[in-house]
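Engineer: Got a predicted model here, sequence first, then my questions.
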Amino acid sequence: MQNMKLLVLFFGVVAAKSALVPASVQAEKSRQASGSAKVDNFDDITPACASIGCADIQCLPPFELRRGEGQCCATCYAPDHVVAIDRHTALAGGSPYAADRAPAAPSSCQGVKCFTPACRPGETVGHAPGRCCLSCK
């Protein structure tokens, strides 16, 4: 029972540390972090943003706290030339691991990208009903 009380106390502390703050408070923190004198008046968002809470986050360099146009809450942001991003273009060309969708795949699987299954010894490649791609059984 003592362990359970400690566990509940631990999760209570974690929950308290991950508090939500009003969007206006987060916007002010963002302004202060950037060193800007410009106040964010939220002219580009709906009144609904005033009634939600935003995560009270701090960004590690090279990320900066920034609210994009139309967003209620700020997020950590860094431009692509500072932090490389994988835009998942690897399958734009031919991939040696790409496979056709399963012959019995549902019609909702149009455009899916499947991979050749790599099955463990004793397993065989087969189709599970409702799935788009073949899998190991």
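Structural biologist: Noted; the coordinates are in hand.
Engineer: which outside residues touch stretch 97-109?
Structural biologist: 91, 112-117, 127, 129-134 (Cβ atoms under 8 Å, 6 or more residues apart in numbering). The way it works is simple: take the backbone N, C-alpha and C, and place the C-beta from them, glycine included.
Engineer: Leu134 reaches Pro117, doesn't it?
Structural biologist: Yes. Judged on Cβ atoms under 8 Å, Leu134 makes contact with Pro117 at a distance of 5.7 Å.
Engineer: burial measure for the closest residue to Arg67 other than its chain neighbours, as a count.
Structural biologist: Leaving out its chain neighbours, the residue that sits closest to Arg67 by Cβ to Cβ, 6 or more residues apart in numbering is Ala74, at 4.0 Å. By the other Cβ atoms under 10 Å criterion, the neighbourhood of Ala74 contains 23 residues.
Engineer: for the one 3 residues further on, same thing?
Structural biologist: Taking other Cβ under 10 Å as the criterion, the count of residues near Tyr77 is 15.
Engineer: Identify the bridge partners of the residue lying closest to it once chain neighbours are set aside.
Structural biologist: In space, and not counting its chain neighbours, Tyr77 is closest to Arg66: 4.3 Å by Cβ to Cβ, 6+ apart. Beta-bridge pairing of Arg66, defined through DSSP bridges, involves Thr75.
Engineer: Next one: Arg66 from Ala98, what distance?
Structural biologist: 37 Å (Cβ to Cβ, to the nearest Å).
Engineer: the more surrounded of these two?
Structural biologist: More crowded of Arg66 and Ala98, by other Cβ under 10 Å: Arg66, with 15 against 12.
Engineer: Would you list the buried entries among the contacts of stretch 97-109?
Structural biologist: Among the contacts of stretch 97-109, those buried by neighbour count (16 or more other Cβ atoms under 10 Å) are Cys114, Pro117, His127, Arg131, Cys132, Cys133, Leu134.
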